[in-house]
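1. Requesting a structural model of the entry that follows:
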Amino acid sequence: MMKNSLRVERAIKNITQADLAEIIGVSRQTINTIESNKYVPSTVLALKIAKVFEKPVEDIFVLEEDD
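-> Coordinates of the predicted model:
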């Protein structure tokens, strides 16, 4: 299982799910499912998200200890 700080990162930058989705070229629902930990993004998508927030991927997406 992977956890993420996407919701927090969006709040810091004051951008909506729809804003982030448009920037990286996915649907708002995709952002929602990632934030809810229902969907693990592809490597490419995770890298795009990290680039938006100007942070390393591992600062946003963290593998849980059991995995």
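2. how about the helices of the protein, start to end?
-> 6-13, 17-24, 28-35, 43-53, 57-60 (DSSP state H).
3. As CSV, those helices with mean neighbour count, distance to Asp66 and mean pLDDT would be great.
-> (Glycine included, C-beta is placed from N, CA and C.) Compiled in CSV, these are given as follows (neighbours: other C-beta atoms under 10 Å; distance: least, C-beta to C-beta, whole Å; pLDDT from 0 to 100):
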stretch, mean neighbour count, distance to Asp66, mean pLDDT
helix 6-13, 15, 21, 97
helix 17-24, 16, 28, 98
helix 28-35, 17, 20, 98
helix 43-53, 15, 20, 97
helix 57-60, 15, 17, 96
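4. Please tell me I have it right and Glu35 contacts Ser5.
-> No: applying C-beta atoms under 8 Å as the test, Glu35 and Ser5 come out as separate, 9.4 Å apart.
5. Pull up the overlap in contacts between those two.
-> Residues touching both Glu35 and Ser5 by C-beta atoms under 8 Å, 6 or more residues apart in numbering: none at all.
6. State the distance from Glu65 to Met1.
-> Distance of Glu65 to Met1, computed by C-beta to C-beta, to the nearest Å: 10 Å.
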